[in-house]
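Engineer: model this:
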Amino acid sequence: MSAVSRRAFLSTGLLWSACLPAAMLTAQSGLVAAATPVWAGGGPRPPRVYTRSDWKADPPRSKAEVLDRAPDRLVVHHTATANTDATDLDAAFRLSRTIQRYHMKHNGWEDIGEQFTVSRGGYIMEGRNRSLPAVEAGKHVMGAQAADHNDHTLGIETEGTYTSTLPPARQLSALTALLAWLCDVYELDPHKAIIGHRDLNRTACPGDRLYAYLPRLRDDVARRLGERGGRDGPPPPRLALPGDQAQDAVLVGDLPLEHGPALGPHDLAY
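Structural biologist: Numbers count the residues shown, from 1 in each chain. Sure thing, here's the model as predicted:
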């Protein structure tokens, strides 16, 4: 877009259908979160994102901080959980509740750490409170998903363990759609903005196989944005040296957890 920025267009490009339920004011966010968008053109179609109300999130201990600016990096994680065959919507909702419970009760965080989660069934869930309204306003919610980098990064959890295998096609499709929408809203270059967790912290996340797929993912996102780009271009710069990659696996209930040897209090701990 030339005269009108993508972010400015967002406010006019999304029309909320009158036949849908009224937007809900959730106790978790304190902001109005609209239901399902009806797209009216301009940029990639926004994906269907299930809100915290949809997956029945617990109230956070406090409202997330909303920064009046965009993030500059979109961080891909994997949950390091089993590559389950349970891929229905109920399974996706259970996943979000499990992650939130672990982050709040075990890690002692105010809420779930990441801003979005993509299930193996290809369902996208809002994570940290206020995340979806913030994106729609071109702003950034402070998460707890990348130590020392939460003020400028947005985190996306990809359900599963991807050290030796790729996510299923429908999950990759949903991840691509989400990243394209975020790049469009925030006016980000996918070849610079999309990174893996290990680019920021000492961790094996998002798994060797998914990490090696990121160049292809960036290209796919760029194509959705209608931009020219290729895998022969320079990779995005690392913002911090990951150091020696190492991982430990422990089991907490039914949730396998992956963490590196020197994780900070805001690192992703599974």
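Engineer: ok, R224 touching A177?
Structural biologist: Yes: if you go by C-beta atoms under 8 Å, R224 and A177 touch, sitting 7.4 Å apart. Every C-beta, even on glycine, is put in place using the N, C-alpha and C of the backbone.
Engineer: shared neighbours, these two?
Structural biologist: P44 (C-beta atoms under 8 Å, 6 or more residues apart in numbering).
Engineer: what about the strands in the protein?
Structural biologist: 14-16, 24-25, 32-33, 37-39, 49-50, 66-67, 73-78, 116-118, 124-126, 140-141, 153-158, 194-196, 248-252, 255-259 (DSSP state E).
Engineer: weakest of these in terms of mean pLDDT?
Structural biologist: Lowest mean pLDDT within the strands of the chain: strand 248-252, a mean of 26.
Engineer: in the stretch 1-150 of the chain, which spans are helices?
Structural biologist: 6-13, 52-55, 89-101, 131-136 (DSSP state H, counting those that start in this stretch).
Engineer: average pLDDT for the first one?
Structural biologist: Throughout helix 6-13, pLDDT has a mean value of 40.
Engineer: same check, this time on the shortest one
Structural biologist: In this model, helix 52-55 has an average pLDDT of 98.
Engineer: nearest spatial neighbour of I112, skipping sequence neighbours?
Structural biologist: Among residues not flanking I112 along the chain, Q100 sits closest, at 4.0 Å (C-beta to C-beta, 6 or more residues apart in numbering).
Engineer: I'd assumed E110 was in contact with the one you found.
Structural biologist: No: applying C-beta under 8 Å as the test, Q100 and E110 come out as separate, 10.7 Å apart.
Engineer: which one's more surrounded, those two?
Structural biologist: A side-by-side neighbour count of Q100 and E110, using other C-beta atoms under 10 Å, places Q100 first with 24 against 18.
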